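> Predicted model and sequence follow; I will ask about them next.
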Protein chains: 2
Amino acid sequence: MAIEMSSIVSKLSMLSTSDHASVVSMNLFVALLCACIVLGHLLEENRWMNESITALLIGICTGVVILLFSGGKSSHILVFSEDLFFIYLLPPIIFNAGFQVKKKQFFVNFMTITSFGAIGTLISCVIITTGATFAFKRMDIGPLEIGDYLAIGAIFAATDSVCTLQVLNQDETPLLYSLVFGEGVVNDATSVVLFNAIQSFDLNQLNPSIALHFLGNFLYLFVASTLLGVVTGLLSAYVIKKLYIGRHSTDREVALMMLMAYLSYMLAELTYLSGILTVFFCGIVMSHYTWHNVTQSSRITTKHSFATLSFVAEIFIFLYVGMDALDIEKWKFVSDSPGTSIAASSVLLGLILLGRAAFVFPLSFLSNLTKKSQHQKISFRQQVIIWWAGLMRGAVSMALAYNQFTMSGHTQLRSNAIMITSTITVVLFSTVVFGLLTKPLIRLLLPHPKITSSMTTTESTTPKSFIVPLLGDSRDSEADLEGHEIHRPNSLRALLSTPTHTVHRLWRKFDDSFMRPVFGGRGFVPVEPGSPSERNGNQWG
Amino acid sequence: MAIEMSSIVSKLSMLSTSDHASVVSMNLFVALLCACIVLGHLLEENRWMNESITALLIGICTGVVILLFSGGKSSHILVFSEDLFFIYLLPPIIFNAGFQVKKKQFFVNFMTITSFGAIGTLISCVIITTGATFAFKRMDIGPLEIGDYLAIGAIFAATDSVCTLQVLNQDETPLLYSLVFGEGVVNDATSVVLFNAIQSFDLNQLNPSIALHFLGNFLYLFVASTLLGVVTGLLSAYVIKKLYIGRHSTDREVALMMLMAYLSYMLAELTYLSGILTVFFCGIVMSHYTWHNVTQSSRITTKHSFATLSFVAEIFIFLYVGMDALDIEKWKFVSDSPGTSIAASSVLLGLILLGRAAFVFPLSFLSNLTKKSQHQKISFRQQVIIWWAGLMRGAVSMALAYNQFTMSGHTQLRSNAIMITSTITVVLFSTVVFGLLTKPLIRLLLPHPKITSSMTTTESTTPKSFIVPLLGDSRDSEADLEGHEIHRPNSLRALLSTPTHTVHRLWRKFDDSFMRPVFGGRGFVPVEPGSPSERNGNQWG
């Protein structure tokens, strides 16, 4: 009984105080996070590096130092935990992405994004699975079942939306950012759904009814997850507006927003939906309604604290992946045949390049067919960037690979050990090499007149690139959290007169007539006199 | 090997995604936190309730519901984890307290606070130990050793600084707040030190050399912990000022402040110092220097996000304690003799009342002897409030009690089960009953002309109570984070002319000449033109 009790306690507590080694690890980790932040600041103007790569390299260096100090034994500071990643680190990143995303950009390209994210991931998965099946059978890897090959497809079809956020700049390349990042979110969800489906379905009898079931399952997940996120976001907006929480304490508003956002993610996990999609849409709704219902200081606080949490979580992940990469356990089985592991990694990298090319260019072509005017189409140069920027594989791949290949004890099976080490190699190589080349590639293909290093992030100016006219002044988008730039009737009228924006106009009408009176939103708070929705008489309902 | 691996993973991860019960628990917990916040908002104007008691009651009700649903079996959502409390929940609360405390108030009363916190706790501990030894030997409790009795003294000498923060109001009763809360921080540290000393020293040979050793140990801990906190705080100020982190990103500033604060706590844990003291002083230094070196939006963000984190952690603790209280395991052994448990709890409550009275009144008398003018002395009515407001026992007592009485498996030993249930009873009773009576008691003893419910917390007006003149306008204190009220040369001059503030004047001189040029601080950032320290030419070092 006592043992059961203590095991429960140790499960509930992440690290034991009595365990001095854990305290050492946590100190090391927090100190490294600080070091990454300071280094990231110093390297800000470097045209190659970004924070992810810095963190990854620091992580690897620390891993080396720890290995040397511990005399080649692995320390448990190096172990990658799937749960830590999915329950604590991923939600703030995705939520913040939804909270800060330029919503109009996202919704105007909704169809393209969804097709990239869903159909593209399926194509990519099929190509990687097929390629891996052919290639690995000829190599000395060991026994892999059909489920393993399908899992490999799902694992390596998952692009790293975190790294994309670091490499692309929302202000410099808004269209590419919204396409690649939006695709990344849908892709993450698709990969996780695919992966779970592969693990749960009986794969020995593949027939059309299972495929249909699979498709229905995916659509249900997509719609239900989105709805859950939207409903939670609206609930937070309604509660904060109706009860006027800010009257007594701004802290309650901030706390409620954070907790409701997290609750949406956990509710999705509870109901076996895609938490990533849910929390993303919750972020969008919260930035559209809830954020405008809180006091001025809460707005500044939420905007920056969500960004900070996301930023720290991102660095944490890369540091973690870097440190975990050198865990000696995994490399033991591979060390006697390094050639096989390198060959497997190269094959996978090649398949990733191929699998992504196989859907980016055809789907962009299809997307271009639906667009009327020339400047709305995705140019070939932009397609190349979309292809390249989504090549990075990250923590989602790692987490899925651990899930698939360590459940049966990866150190026992040679094939599992090789798959884990290959995943690490692919993640490191793609993040560092592809990541390093992305910024120069964008500069090469889309030369900007000026790259402003804005003095404060809140006042970052949108460079006048040729992409901006594509979708009107991006400043006008509703996601512009500053809210100072809304009194521009001319550009607004010009925007609304464009026929492609009919859906947007209908939405605006619906939003103004039905949604905002109930859920608040911009124009609700009396801080901005003269705003379009000032007619809302009962300001503090 | 696989088992070892998975056990490490499950240790590193707080809750397993695969474990659906944990997801249910987390959902329940987050939803309850939201409910507590909303209820706390609705009950804000209630003169009896406060957020702690609301959370505690909600926790108990949930515990009842869970017990009923699970058919009397305990669920592991109810288990109190010492580590979760000490590593994740306590640091943000204490840091925020240091960050928001009115520093001048705190330092003017430094001697009184320290004597209350250190000597007072020792007195209280001795009285509780002695009383418990006499009383429990006559009751049918079971075998308790001398170490257990000493531990009981340390456990019940730990006042609950979290609850104090909720009950007293810094703006309404600044002197009482700084005395009781400051004492609480020192007291927490003293209790933990005492407790660790009791567990590590050989108690069968109590002699003067051990007592001296003990005293030396305590002084070392106090000084070293304080220094560690100050050094970490200064380092953060220096780095942020020197590198001008805010140039590129405000998020980095916020992240760095949070991580450095947490690092100070973890470093203290690493070096076996008192993390509570360290993080408290780190908070003070950060609000004095670092906070003034960051951009305006980072200031608002840090101020509110630290307060929010602390607020959520507080509610979390009370909810947790409330839910844990009904864990059926503990009550099983007690149920056959409820009288003994009630008697033990009553004895402990009586001893707490007595032990606190035994140091508050004598030490206040001694403190009054050192004060010259009448209005600087602590009046009898104020002494009663200090006595009363420190009676609450909370999560620190729970954590220490679990540490002492569950290590050997509390369900086996009747005496241990009784001690755990008595601790829970004392914590619940003191928090709810004493806590409920505190607000009315303060109103009875110190009637205020008006209790303003300020519209926004950032603009809370200091009520004109008779306590304010005691220490000059509290608005003038350096802890006033608003920073808008500093241009008041008249009151400043009047303040500096008072002889009792010589130390403060010397400190100000030292601060202006040596500290601020290096570490920044108010007047460093050009946001406030005309501030006293404007002569700092090199604004952005």
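In hand now; what should we look at?

> so which helix or strand takes in residue A:339?
Per DSSP states H and E, residue A:339 falls inside helix A:338-370.

> Show me what that helix is packed up against.
Using 3 or more Cβ pairs under 8 Å, 6 or more residues apart in numbering or on different chains; DSSP states H and E, the elements in contact with helix A:338-370 are helix A:110-114, helix A:121-138, helix A:146-157, helix A:380-389, helix A:414-429. Every residue, glycine included, has its C-beta placed from N, CA and C.

> so which strand or helix has residue A:237?
helix A:208-243.

> How is chain A divided into domains?
When chain A is parsed with the TED database, its domains come out as A:11-70, A:82-445.

> Could you identify which of the ones you listed is most buried?
Among the domains of chain A, the stretch with the highest mean neighbour count (mean count of other Cβ atoms under 10 Å in any protein chain shown) is domain A:82-445, at a mean of 21.

> Name the spans of chain A whose pLDDT lies under the cut-off.
The model of chain A has pLDDT under 70 over residues A:1-19, A:47-48, A:72-80, A:165, A:200-206, A:328-330, A:333, A:407-412, A:448-501, A:523-541.

> My understanding was that residue A:343 contacts residue A:138; is that so?
No: the criterion here is Cβ atoms under 8 Å, and residue A:343 misses it with residue A:138 at 9.8 Å.

> Reformat the helices and strands packed on helix A:338-370 into CSV and put distance to chain B next to each item.
Conversion of these to CSV gives the following (distance: least, Cβ to the nearest Cβ, whole Å):
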stretch, distance to chain B
helix A:110-114, 26
helix A:121-138, 21
helix A:146-157, 16
helix A:380-389, 21
helix A:414-429, 10
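
> so which of those gets nearest residue A:24?
Closest to residue A:24 of the helices and strands packed on helix A:338-370 is helix A:414-429 (Cβ to Cβ; 24.3 Å).

> Can you add distance to residue A:84 and give the helices and strands packed on helix A:338-370 back as CSV?
Shown next, in CSV, are the helices and strands packed on helix A:338-370 (distance: least, Cβ to Cβ, whole Å):
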stretch, distance to residue A:84
helix A:110-114, 29
helix A:121-138, 25
helix A:146-157, 19
helix A:380-389, 27
helix A:414-429, 17
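
> Please identify which of those is closest to residue A:293.
Comparing those under Cβ to Cβ, the one sitting nearest is helix A:110-114, at 25.7 Å.

> which secondary structure elements does the closest one contact?
For helix A:110-114, the packing partners by 3+ Cβ pairs under 8 Å, 6+ apart are helix A:174-200, helix A:338-370.

> Out of those, which is closest to residue B:521?
Across the helices and strands packed on helix A:110-114, closest to residue B:521 is helix A:174-200 (Cβ to Cβ), at 39.0 Å.

> sorry, back to before: tell me which of the domains of chain A sits nearest to residue B:420.
So among these, domain A:11-70 is nearest, using Cβ to Cβ, at 17.0 Å.

> I'd like the helices and strands packed on helix A:110-114 as JSON lines, with distance to residue A:98 appended.
Formatted as JSON lines, the helices and strands packed on helix A:110-114 follow (distance: least, Cβ to Cβ, whole Å):
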{"stretch": "helix A:174-200", "distance to residue A:98": "8"}
{"stretch": "helix A:338-370", "distance to residue A:98": "23"}
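
> Ok, which of those helices comes nearest residue B:145?
helix A:174-200 (53.5 Å).

> And the closest one, how far out from the chain middle?
With Cα atoms, centre = their mean, to the nearest Å as the basis, helix A:174-200 stands 9 Å off its chain's centre.

> Report the angle between the helix holding residue A:339 and helix A:174-200.
Relative orientation of helix A:338-370 with respect to helix A:174-200: 120 degrees, computed using axes from the mean of the first three to the mean of the last three Cα atoms, to 10 degrees.

> ok, back up a step: between the helices and strands packed on helix A:338-370, which one is closest to residue A:43.
Each of these has some distance to residue A:43 by Cβ to Cβ; the shortest is helix A:414-429, at 18.9 Å.

> Could I get the CA-only coordinates of that closest one as PDB?
These are the backbone C-alpha positions of helix A:414-429, laid out as PDB (Å, rounded to 0.1, in the frame of the first residue of the first chain):
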ATOM      1  CA  ARG A 414      17.900  -3.800 -33.800                       C
ATOM      2  CA  SER A 415      15.400  -2.400 -36.300                       C
ATOM      3  CA  ASN A 416      13.700  -0.300 -33.700                       C
ATOM      4  CA  ALA A 417      17.100   1.200 -32.600                       C
ATOM      5  CA  ILE A 418      17.900   2.000 -36.200                       C
ATOM      6  CA  MET A 419      14.500   3.700 -36.700                       C
ATOM      7  CA  ILE A 420      14.900   5.800 -33.600                       C
ATOM      8  CA  THR A 421      18.500   6.900 -34.500                       C
ATOM      9  CA  SER A 422      17.400   7.600 -38.100                       C
ATOM     10  CA  THR A 423      14.600   9.800 -36.800                       C
ATOM     11  CA  ILE A 424      17.000  11.700 -34.700                       C
ATOM     12  CA  THR A 425      19.400  12.100 -37.600                       C
ATOM     13  CA  VAL A 426      16.600  13.300 -39.900                       C
ATOM     14  CA  VAL A 427      15.300  15.800 -37.300                       C
ATOM     15  CA  LEU A 428      18.800  17.200 -36.600                       C
ATOM     16  CA  PHE A 429      19.900  17.300 -40.200                       C
END
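
> by contact count, what packs against that helix?
Applying 3+ Cβ pairs under 8 Å, 6+ apart, one finds that helix A:414-429 contacts helix A:146-157, helix A:296-325, helix A:328-332, helix A:338-370, helix A:395-405.

> Following the chain onward from it, which element is next?
Sequence order places helix A:435-445 as the next helix or strand after helix A:414-429, per DSSP H and E.

> can that following helix be found next to chain B?
No: Helix A:435-445 lies out of reach of chain B by Cβ under 8 Å from any Cβ of the partner chain, never closer than 15.6 Å.

> Residue A:372 is in what secondary structure piece?
Remark: residue A:372 resides in no helix or strand, with elements defined by DSSP H and E.

> so how far is residue B:95 from it?
Going from residue A:372 to residue B:95 by Cβ to Cβ, to the nearest Å gives 57 Å.

> circling back to that earlier point, so for residue B:67, which of the domains of chain A sits nearest?
Minimum separation from residue B:67 across those (Cβ to Cβ) falls at domain A:11-70, 18.6 Å.

> Identify the residues contacting stretch A:34-47?
A:49, A:51, A:54-55, A:58, A:315, A:319, A:439-440, A:443, A:453, B:239, B:243, B:245, B:248-249, B:252, B:255-256, B:259-260, B:263 (Cβ atoms under 8 Å, 6 or more residues apart in numbering or on different chains).

> Pull out the CA atoms of that stretch and give them to me as CSV.
Output of stretch A:34-47 as CSV, limited to C-alpha atoms (Å, rounded to 0.1, in the frame of the first residue of the first chain):
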residue,chain,number,x,y,z
CYS,A,34,18.7,31.6,-20.2
ALA,A,35,21.8,31.0,-22.2
CYS,A,36,19.8,30.3,-25.4
ILE,A,37,17.8,33.5,-24.9
VAL,A,38,20.9,35.6,-24.4
LEU,A,39,22.6,34.0,-27.4
GLY,A,40,19.5,34.3,-29.5
HIS,A,41,19.5,38.0,-28.8
LEU,A,42,23.2,38.4,-29.7
LEU,A,43,22.7,36.4,-32.9
GLU,A,44,19.5,38.2,-33.9
GLU,A,45,21.1,40.1,-36.7
ASN,A,46,22.8,37.0,-38.1
ARG,A,47,21.4,36.1,-41.4
